[in-house]
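would you be able to build a 3D model of this:
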Amino acid sequence: MRRDKEYILASGEKSEYYFDMKLTTFNTEGLSLTCSMIYDLIAGYSGVYVGGLAVGAIPIVAGLVLYSATRIPIMGFCVREEIKNHGTQQLIEGHLEDGANVIIIDDVTTKGTSVMKAVEAVRQRKCKVIRVITVVDRLEGAAETFRREGLDFTYLFTTKDF
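Below is the predicted model of the structure:
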């Protein structure tokens, strides 16, 4: 957790602290431990796809796909903030079948608005979001957002753990 200045969060709110999870998810040990914990939470689901919004979810999803290779394999995807005007011009990149069961992954949740962008993108593909998992919940409204949307929400840690 960083506390060296005031930060603007993805939610638009200001905060005196910031969880820079990229320092964990782009670290060998940090990503390995994160993926092990998340995989244990999703191992009971069969045929699910995991994904989340770029950029925070990308290393976690990629790590989960690799971690699952010697277990029950899962496929992953990411949701772009917006469609690019080149390449495949897809909002969702990677592996996702229409109508699939999906688990959305995030690195840090505040209000849940970023995660909801990913949820809406997969819902447009007629997918069912069966769970949202975040590494750190800032305890600032995400759980309520997901509850209103009928989404099961799990976190590995909250701000109280730090």
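
list the contacts of Ile38.
The contact partners of Ile38, by CB atoms under 8 Å, 6 or more residues apart in numbering, come to Ile60, Leu64, Ile105, Ile133, Val135, Leu156. The C-beta positions use only the backbone N, C-alpha and C, and glycine is treated the same way.

try 10 Å this time
Ile38 makes contact with 50, 60-61, 63-64, 67, 103, 105, 133-135, 154, 156 under the criterion CB atoms under 10 Å, 6 or more residues apart in numbering.

which of these sits closest to Ala142?
Taking CB to CB as the measure, Ala142 sits nearest to Thr134 out of the contacts of Ile38, at 7.2 Å.

which stretches of the protein form helices?
Assigned by DSSP state H, the helices in the chain fall at 22-25, 28-42, 58-68, 113-123, 142-148.

give the rounded mean pLDDT of the shortest one.
What that stands for is helix 22-25. Helix 22-25 comes out with an average pLDDT of 93.

what residues does it touch?
So helix 22-25 is contacted by 2, 30-31, 33-35, 55-63, 107, 135-136 (CB under 10 Å, 6+ apart).

contacts only, for Val108.
Val108 touches 9-10, 18-21, 56, 114, 134-138, 142, 155, 157, 159, counting by CB under 10 Å, 6+ apart.

the same query, at a cut-off of 8 Å, please.
Phe19, Met21, Gly56, Thr134, Val135, Val136, Asp137, Arg138.

go ahead and confirm the second one touches Thr134.
No - if you go by CB atoms under 8 Å, Met21 and Thr134 don't touch, sitting 9.5 Å apart.

between those two, which contacts overlap?
Common contacts of Met21 and Thr134, defined by CB under 8 Å, 6+ apart, comprise Asp107, Val108.

compare the two and say which is more crowded by neighbours.
Just comparing Met21 and Thr134: by other CB atoms under 10 Å the higher neighbour count belongs to Thr134, 30 against 19.

what pairs with that one across the strands?
Per DSSP bridges, the residues bridged to Thr134 are Asp106, Tyr155.

gap between it and Leu64?
14 Å (CB to CB, to the nearest Å).

follow-up on the earlier one: for the contacts of Val108, give me a markdown table that also has distance to Gly99.
Converted to a markdown table, the contacts of Val108 look like this (distance: CB to CB, whole Å):
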| residue | distance to Gly99 |
| --- | --- |
| Phe19 | 34 |
| Met21 | 31 |
| Gly56 | 26 |
| Thr134 | 25 |
| Val135 | 28 |
| Val136 | 31 |
| Asp137 | 29 |
| Arg138 | 32 |
